[in-house]
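In: Predicted model and sequence below, questions to follow.
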Amino acid sequence: MLSYNQFNGKLPSSICNLTRVKYFFLSNTNLVETIPMCFGNMSKSLDFLHLNGNRFRGPIPSTFSKECSLRSINFNGNKLEGKLPESLANCSSLEGLDIGNNRIHGNFPYWMEAFPQLRVLVLRSNKFDGNMSPSSLTNHPFPMLQVLDISGNAFVGSVPERYINNFNIMINTTKDNIIGNSIENFFRILLEMRVTLKGQHQLLERLLEGFTLIDFSSNRFSGSIPCSIGNLQSLRYLNLSHNNFIGNIPSSLANISTLESLDLSSNSMDGVIPSELTGLTFLTKLNLSMNDLVGEVPRSNQFSTFENDSYVENFGLCGVPLTRKCKEETRPIEKEDDEDEDEFIDGFGWKSVVMGYGCGSIVGIGIGCRVPRYGKPRWLVEFFFGVEYYKKKKKRRQSKATPTQRRR
């Protein structure tokens, strides 16, 4: 292992005479020029070929042998160009391929679907394009894949569901699947890859136990996010940001109980944030910003820890931690005030009518009894009983009066 040294210049062709070397690590130096084509011929004996973090340019060697025994190839962080060589299909024992941060172009390497032990596929920050969803001849593609990073390319179309449905490791991570035998442990220990975790670019110096990641960010994917992605119950990191996804956030994401980071930012997704997502108790990073989401932000469990930057530029969202209040928060108070006002108006009218009738009846009865008996007031007696009735009533009172009262 000669990594992290101050070598410069180019690799001599004589290095290809090392026909019995199994582990070739020459990463993070200042080597330039092209990778010698003879490395392809060395693939009969090599298990690990790591040349990452240099300044190699030109094409990837195209002479990988039919007896290729390579288990890990890492060319990340160079200036390599061209397409992936067809002869790389001979390396069906690969467990890891990392060619991220180069200038490789072409379509997605479908021929790698049948690699039975492939665990890590990193194509990030290249110039790949095309659709990933055409029909496939492989019944169970990528059965052991646990890291798929194709971010920073120009892939189009919908999310390839046929892959999602066959990521067995992400669907059901078990100790046997991840750890395996001692040879596989050696692969995990020697692996080195650069990925984006929780919004930060990080260098992983080994494949951690149970580590699972899907990063489709910064492409041109469109359509809706398939509900089947919720079947990946052992997925830890999911990044679908900076694409053209539309539709609602699938509530099935709540089934990914191990999810630690979810980034759906910079898309065109709409609808509400599913309340089911509050059940993701391991979620420590959430980014739903720059979409068209609406409704109230859930605030239970882990969601109570997320700040404003998780939701910015969703102008239809409201509630804590946003400054925009939801209409639902003030509606009960307004309704109560309206009810009180209606009750006051209705109650006042009803009570007034009852009281008016009651009082009116009492007064009416009193007056009704007084008028015939006393013949007063005169105008009312004459109105109801006539003038003659009033005169007769007056004569009766005079005849009953005492002499003294008459003189008066």
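Out: The structure has been received and is ready for your questions.

In: So which residues of the stretch 101-250 of the chain form helices?
Out: 161-164, 168-171, 175-179, 182-190 (DSSP state H, counting those that start in this stretch).

In: Can you show me the CA trace of the second one as PDB?
Out: Taking C-alpha atoms only, helix 168-171 is exported to PDB below (Å, rounded to 0.1, in the frame of the first residue of the first chain):
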ATOM      1  CA  ASN A 168     -32.900  -7.300  -0.900                       C
ATOM      2  CA  ILE A 169     -30.200  -5.900   1.400                       C
ATOM      3  CA  MET A 170     -32.200  -2.700   1.800                       C
ATOM      4  CA  ILE A 171     -35.500  -4.500   2.200                       C
END
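
In: Give me the helices and strands touching it, please.
Out: In terms of contacts (3 or more Cβ pairs under 8 Å, 6 or more residues apart in numbering; DSSP states H and E), helix 168-171 is packed against helix 175-179. All C-beta atoms are positioned from the backbone trio N, CA, C, and that covers glycine.

In: Can you give me every residue that contacts N231?
Out: By Cβ atoms under 8 Å, 6 or more residues apart in numbering, the residues touching N231 are 164-165, 171, 252, 255.

In: Go again with 10 Å.
Out: 164-165, 167, 170-172, 252, 255-256 (Cβ atoms under 10 Å, 6 or more residues apart in numbering).

In: Would you mind measuring from it to F306?
Out: N231 sits 25 Å away from F306, going by Cβ to Cβ, to the nearest Å.

In: Over to V156?
Out: Applying Cβ to Cβ to V156 and F306 gives a distance of 31 Å.

In: For those two, indicate the residue with more neighbours.
Out: Taking other Cβ atoms under 10 Å, V156 and F306 do not tie; F306 has more neighbours (19 against 16).

In: next one: phi and psi at the more buried one?
Out: Backbone geometry at F306, expressed as degrees, to the nearest 10, gives phi -90, psi 140.

In: quick one, what contacts the closest residue to it other than its chain neighbours?
Out: Leaving aside its chain neighbours, F306 sits nearest to L286 (5.0 Å; criterion: Cβ to Cβ, 6 or more residues apart in numbering). Shown in contact with L286 (Cβ under 10 Å, 6+ apart): 198, 259, 261-265, 273, 277, 280, 302-303, 305-307, 309-311.

In: So how do I select the buried members of those in ChimeraX?
Out: Buried residues within the contacts of L286, by 16 or more other Cβ atoms under 10 Å, are selected in ChimeraX with:
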select :259,261,262,263,264,265,273,277,280,302,303,306,310,311
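
In: Out of the contacts of L286, which sit inside strands?
Out: Counting by DSSP state E, those place 261-263 in strands.

In: which residues does the residue nearest in space to the middle of the chain contact?
Out: Central residue of the chain (Cα atoms, centre = their mean): L264, 5.0 Å from the mean position. Shown in contact with L264 (Cβ under 10 Å, 6+ apart): 217, 225, 238-243, 245, 249, 253, 286-291, 293.

In: switch the cut-off to 6 Å
Out: Counting by Cβ atoms under 6 Å, 6 or more residues apart in numbering, L264 makes contact with 240, 288.

In: Phi first, then psi, for it.
Out: Torsion angles, degrees, to the nearest 10, at L264: phi -120, psi 20.

In: Show the pLDDT at it.
Out: In this model, L264 is scored at 98, pLDDT.

In: now do K400
Out: Value listed for K400 in the pLDDT field: 55.

In: same thing with the one 3 residues further on?
Out: Predicted confidence (pLDDT) for P403: 52.

In: swap in S275?
Out: pLDDT, read off for S275, is 95.

In: how much space between the closest residue to it other than its chain neighbours and L148?
Out: Using Cβ to Cβ, 6+ apart and skipping residues adjacent in sequence, the residue nearest S275 is P298, 5.2 Å away. According to Cβ to Cβ, P298 stands 29 Å off from L148.

In: Same check on N78?
Out: Note on N78: its distance to L148, by Cβ to Cβ, is 21 Å.

In: what ranges of the protein fall below the confidence cut-off?
Out: 1-9, 135, 173-184, 186, 328-408 (pLDDT under 70).

In: domain assignment for it?
Out: Per automatic domain parsing, the domain ranges recorded for the chain read 140-325, 375-408.

In: my read: L204 touches L191, true?
Out: No - look at L204 against L191 with Cβ atoms under 6 Å: they stay out of range, at 7.5 Å.

In: what about burial for the contacts of N231, which qualify?
Out: Among the contacts of N231, the ones that count as buried (16+ other Cβ under 10 Å) are 164-165, 167, 170, 252, 255-256.

In: P298 touches E276, doesn't it?
Out: No - proximity of P298 to E276 does not meet the contact threshold set by Cβ under 6 Å, at 9.1 Å.

In: who has more neighbours, P298 and L148?
Out: When P298 and L148 are compared for neighbours, L148 comes out ahead with 23 against 18, by other Cβ under 10 Å.

In: neighbours around L203, how many?
Out: Other residues within reach of L203, judged by other Cβ under 10 Å, total 10.

In: With the one 4 residues further on instead?
Out: Applying other Cβ under 10 Å, we find 23 other residues in the vicinity of L207.

In: separation between the residue nearest to it when sequence neighbours are not counted and G96?
Out: Excluding its sequence neighbours, the residue lying closest to L207 (Cβ to Cβ, 6+ apart) is R188, at 4.1 Å. Distance, R188 to G96, using Cβ to Cβ: 9 Å.

In: So for those two, which sits in the more crowded spot?
Out: G96 (25 against 19).

In: State the distance from the more buried one to V159.
Out: For G96, the distance to V159 (Cβ to Cβ) stands at 23 Å.

In: same deal with G77?
Out: 27 Å.

In: Now do the same contact list for I189.
Out: Counted by Cβ under 6 Å, 6+ apart, I189 has contacts R206.

In: Would you verify that N41 is located in a strand?
Out: No - assignment of N41 by DSSP: H, G, I helix; E, B strand; the rest coil gives helix, placing it outside any strand.

In: State the number of residues packed around the spatially closest residue to it that is not a sequence neighbour.
Out: Spatially, and ignoring its direct neighbours in sequence, N41 is nearest to T63 (5.7 Å; Cβ to Cβ, 6+ apart). Other residues within reach of T63, judged by other Cβ under 10 Å, total 14.
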